[in-house]
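Here is the input, now give the coordinates:
(2 chains)
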There are 2 protein chains.
Amino acid sequence: MAGRVFVDLGMSLDGFIAGPNAGPHNPLGDHGTDIHQWIYKTAVFRERLSLGGGGETSADDAIARETFARAGAYIMGRRMFDEGEVGWPEEAPFHAPVFVLTHSPREPWVRPGGTTFYFVTDGIHSALEQAKSAAGEKDVQISGGAETVRQYVEAGLVDDLQIHVAPLLLGDGVRLSAGLAKAPLSLTTVGVCDSFSGVTHLRFRIPR
Amino acid sequence: MAGRVFVDLGMSLDGFIAGPNAGPHNPLGDHGTDIHQWIYKTAVFRERLSLGGGGETSADDAIARETFARAGAYIMGRRMFDEGEVGWPEEAPFHAPVFVLTHSPREPWVRPGGTTFYFVTDGIHSALEQAKSAAGEKDVQISGGAETVRQYVEAGLVDDLQIHVAPLLLGDGVRLSAGLAKAPLSLTTVGVCDSFSGVTHLRFRIPR
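Sure, this is the predicted structure:
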């Protein structure tokens, strides 16, 4: 199963991956952190964000750990990078090459801890080729945001979709499938995990 | 656990309980039947809709059967009734009293097989009181549509929310939580069932 392309997103039960009023200074939107409560509690999240020790070694932790482990390279949109550039700790949480889709050329930005950001100006196919090559035997994660995920899904380039459903009705916000022209899109359910913490971890394959 | 009030809805992974362009002659909206494929295949659905024998006696069937069994009375909005009045078979699928929220008084409508429709003109609290009394030891199901569900949730009158998540991105349609003023609303996850048919059955409690 090496060399796969996957998306991993937290979502409220009513289909939102961020709250309303999301923007540069509010990347997750209002109440958006409620969607991700489960991962903030895990030990692996604290390790990755250099928040010191602690955190839970739970079923949720095992799932988040597995996801970090399978990603050998990341792809993200420019806005997600811009938000992260100011928000991530100096030792960015990826510890792997990250390919940023942008229109502005920029030299690679090397961070301590193994994360290097590469800026790709010639489109999503080129970014994926570079990310696959960098990932080697590992997989490539399309990190976000929603628009970048949509582009890769519509181009038929995503193999796996992992969704973590939070027990929460947000009412409004950024929708997982907003503007998806390739809808309705049928998925194949390949895994359902009740972590008994409230969040439900779902895994799907996207048929080619 | 008798005397509870519950909502039971099919939903696409991206949060839609009906497809786009839903209306009087298209009650589930475009591709809306894709959301409910799992239940059409069950034996209990064929029994309830008088479609003759057959159907699967699967985990999905057991869950749908349990849901039908716990409901001693139903509440629905006027539009849902109007659509059903022309769409249901003569022996309507409820086999129990159904309380229809409406502004137009009408005599009770008795159908063969134990379904009687009562038309309630004095609001959602009155309908719930009548439904609870009719249900006796059993539970009351708020059937729909979305607007009726929203009203009962906002009034704090719903105990349990059962959602059947179909492996499908619809892209657009009728949202589970559209217009929910009481958002964000945190739920308590009480059950996750992978039926291995693709659909994931989730059960939540709505904290009072």
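
From now on I want contacts and neighbour counts done on CA atoms only, so please keep to that.
Noted.

Chain A against chain B: which residues are in contact?
Taking CA under 8 Å from any CA of the partner chain as the test, the list of chain A residues beside chain B reads A:13-16, A:31, A:167-172, A:175-181, A:183-190, A:192, A:194, A:198-200, A:204.

Separate out the buried members of those.
A:13-16, A:31, A:167-172, A:175-178, A:180, A:184-189, A:192, A:194, A:198-200, A:204 (16 or more other CA atoms under 10 Å in any protein chain shown).

give the contact list for the spatially most central residue of chain A.
Here the mean C-alpha position of chain A is nearest to the C-alpha of A:Ser143 (CA atoms, centre = their mean), at a distance of 3.2 Å. By CA atoms under 8 Å, 6 or more residues apart in numbering or on different chains, the residues touching A:Ser143 are A:Val7, A:Asp8, A:Tyr74, A:Ile75, A:Met76, A:Val149.

Please report the distance of it from chain B.
18 Å (CA to the nearest CA, to the nearest Å).

per-residue confidence at the closest residue to A:Ser186 other than its chain neighbours?
Computed as CA to CA, 6 or more residues apart in numbering or on different chains, the closest residue to A:Ser186 that is not its neighbour in sequence is B:Leu168, at 4.5 Å. According to the prediction, B:Leu168 has pLDDT 96.

and for the lowest-mean-pLDDT helix or strand in chain A, what are the contacting residues?
Every helix and strand of chain A was ranked by mean pLDDT, DSSP states H and E. The lowest is helix A:78-87, at a mean of 89. Counting contacts by CA under 8 Å, 6+ apart, the residues outside helix A:78-87 that touch it are A:Pro24, A:His25, A:Pro27, A:Val100, A:Leu101, A:Thr102, A:Gly144, A:Gly145.

send the alpha carbons of that helix over as CSV?
Provided in CSV are the C-alpha atoms of helix A:78-87 (Å, rounded to 0.1, in the frame of the first residue of the first chain):
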residue,chain,number,x,y,z
ARG,A,78,-0.6,28.7,0.0
ARG,A,79,-3.1,30.0,2.5
MET,A,80,-2.6,27.1,4.8
PHE,A,81,1.1,27.6,4.6
ASP,A,82,0.7,31.4,5.3
GLU,A,83,-1.3,30.6,8.4
GLY,A,84,1.2,27.9,9.5
GLU,A,85,4.2,30.1,8.9
VAL,A,86,3.2,32.3,11.8
GLY,A,87,1.4,29.6,13.8
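
just for chain A, where's the confidence low?
Counting by pLDDT under 70, chain A shows low-confidence ranges at A:1-2.

quick one: the helices in it?
A:37-40, A:43-48, A:59-70, A:78-87, A:124-135, A:146-154 (DSSP state H).

Let me have the ones you listed in TSV, extended by mean neighbour count and distance to A:Ala96.
Formatted as TSV, the entries for the helices of chain A read as follows, by neighbours: other CA atoms under 10 Å in any protein chain shown; distance: least, CA to CA, whole Å:
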stretch	mean neighbour count	distance to A:Ala96
helix A:37-40	17	20
helix A:43-48	20	12
helix A:59-70	17	10
helix A:78-87	16	15
helix A:124-135	19	8
helix A:146-154	20	19
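
Pipe these into CSV and attach distance to B:Gly87 per row.
As requested, these are exported to CSV (distance: least, CA to CA, whole Å):
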stretch, distance to B:Gly87
helix A:37-40, 43
helix A:43-48, 51
helix A:59-70, 45
helix A:78-87, 48
helix A:124-135, 47
helix A:146-154, 36
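
B:Phe45: which of the ones you listed is closest?
When the helices of chain A are compared for distance to B:Phe45 using CA to CA, the nearest one is helix A:146-154, at 34.3 Å.

which strands and helices sit next to that closest one?
Packed against helix A:146-154, as judged by 3 or more CA pairs under 8 Å, 6 or more residues apart in numbering or on different chains; DSSP states H and E, are the following elements: strand A:71-77, strand A:139-144.
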